[in-house]
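[1] Predicted coordinates and the sequence they were generated for:
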2 protein chains.
Amino acid sequence: MYPSYGRISLDAEEGNGLMKGEEMAKEMLSIMMRKGWRITDQRRTLAQIFTETEGYLSPKDVYESMRLKYPGVSFDTVYRNLRMLSEMGGLEQFYFLEGGLKFKASCQSHHHHHLICINCEKTLTFDYCPMEQKLDLPGNYKIINHRFEIYGICESCQGEIKNDKVDTDEETESLID
Amino acid sequence: MYPSYGRISLDAEEGNGLMKGEEMAKEMLSIMMRKGWRITDQRRTLAQIFTETEGYLSPKDVYESMRLKYPGVSFDTVYRNLRMLSEMGGLEQFYFLEGGLKFKASCQSHHHHHLICINCEKTLTFDYCPMEQKLDLPGNYKIINHRFEIYGICESCQGEIKNDKVDTDEETESLID
DNA sequence: ATTAGTGCAAAGCGTTTGCATCCAA
DNA sequence: TTGGATGCAAACGCTTTGCACTAAT
């Protein structure tokens, strides 16, 4: 039932090819400054957590990580900052039916889509965008935005999964909102 | 920033061209029977509500509608049945960042994607699927599923919106998860 | 008659809010 | 110095659960 795939343009395997690690953290901090936000220890830590993480983080994940480096944090501060950073583009939000809302450092510099592992949530980016096609859409909608994601099982998970998590169909059905 | 669109295959404007109204309700009820579920008044009503609705319904919406026809319903029964019907494919779930989880009768008969109005949530279906392309994806993921949705403002909303809801960019950013 | 489905109430969980305190600018 | 950021606690909304009762098969 699910179609073919093959070759087309795409770029980096990980960070997104234009920015990674330290650079990404700086980017986030600079966003904060530009918007007139203060750079607090918590926010510095927050930025760093996301630059060190490949996959998605739930607010809870972030909270746990924050506590390691900055024991006093409170949950609501984490939420506040996640929300603010998301709203102005520093983070990308995804909602997983199982797992709820999660966050990931976003690439500000170019348009792309995601290939997400439904097991470990490791995410790769690729440049192909279906909107580049001459789509003949029904109705007379004024197009504003779109969403295109591909879900699968990454190479390193393909081995492990075979044992425990088997019923891939159901897994997927529920993981994708 | 957001790309072009033009002509390509597609089908019906509404139901999805293969099933509508009564037929859809029967389909849902038959699903229940096949699975060995009992057909209760509440479930019959639930099925009917979705066949009469074009857009998405939140659990709350459904609850309100249910109460009109069947005053005694409880919220948790609505949830239980929404969940069950979703799990076995009778309903499609979408999560809107603002508005939360919503449901819509699903088309079992053919693969398609959605064009969703970010104002009224009226949804049209179209047959074009980006996975038909020969995509050259990074990594070695075993592809399991995908998601492709286009968000815009439908014709009838384009007039109304201009007055109140203006800042389309932000609207969208937050509506799409 | 059996057993799934319902309604009720209460709990659970993730997220948000008000407010006094703290601290980056 | 001072207004934004934080931590705390409480509230909030949505969803789930346990249990006795009801009703479809």
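    Yep, it's here. Numbers count the residues shown, from 1 in each chain, chains lettered A, B, ... in the order given.
[2] Spit out the contact partners of the spatially most central residue of chain A.
    Nearest to the geometric centre of chain A sits A:K104, at 3.7 Å (Cα atoms, centre = their mean). By Cβ atoms under 8 Å, 6 or more residues apart in numbering or on different chains, A:K104 lies in contact with A:50, A:53, A:55-57, A:91-92, A:94, A:123. For the C-beta atoms, the positions are set from N, CA and C on the backbone; glycine is no exception.
[3] Out of the residues you listed, give me the one that has the most neighbours.
    Neighbour tally across these (other Cβ atoms under 10 Å in any protein chain shown): the maximum, 24 neighbours, falls on A:L91.
[4] Let me see the backbone angles for it.
    Dihedral angles of A:L91 (phi, psi; degrees, to the nearest 10) stand at phi -130, psi 150.
[5] Thought A:M84 was touching it, still the case?
    No - judged on Cβ atoms under 8 Å, A:L91 makes no contact with A:M84 at a distance of 9.2 Å.
[6] rewinding a little: now the residue nearest to the centre of chain A, what are its backbone angles?
    Backbone torsions for A:K104, taken as degrees, to the nearest 10, come to phi -160, psi 140.
[7] Distance check, it against A:F94.
    7 Å (Cβ to Cβ, to the nearest Å).
[8] overlap in contacts of those two?
    Taking Cβ under 8 Å, 6+ apart as the contact rule, A:K104 and A:F94 both touch A:Y56.
[9] re the thing from before, pull out whichever of the contacts of A:K104 are also neighbours of DNA strand D.
    Residues of the contacts of A:K104 in contact with DNA strand D (Cβ under 7 Å from any atom of the strand): none.
[10] between the residues you listed, which is closest to B:M28?
    Nearest to B:M28 among those, counting by Cβ to Cβ, is A:F94 at 29.4 Å.
[11] from the contacts of A:K104, which has minimum pLDDT?
    Among these, A:G55 carries the weakest pLDDT, at 82.
[12] List, one by one, the residues from chain A near DNA strand D.
    Counting by Cβ under 7 Å from any atom of the strand, chain A sits next to DNA strand D at A:37-38, A:40, A:42-43, A:70, A:72-77, A:80-81.
[13] Please work out the average pLDDT along the strand ranked longest in chain A.
    In chain A, with assignment by DSSP state E, the single longest strand is strand A:142-153. Throughout strand A:142-153, pLDDT has a mean value of 91.
[14] Show me what counts as buried in it.
    By neighbour count with 16 or more other Cβ atoms under 10 Å in any protein chain shown, strand A:142-153 contains the buried residues A:143-153.
[15] A:Q93 reaches A:S106, doesn't it?
    No - the criterion here is Cβ under 8 Å, and A:Q93 misses it with A:S106 at 9.0 Å.
[16] and A:M24, which of the three is it?
    Classification of A:M24 using DSSP: H, G, I helix; E, B strand; the rest coil returns helix.
[17] Against DNA strand C, how distant is it?
    19 Å (Cβ to the nearest atom of the strand, to the nearest Å).
[18] tally of neighbours for that residue?
    Going by other Cβ under 10 Å, the residues that sit close to A:M24 add up to 23.
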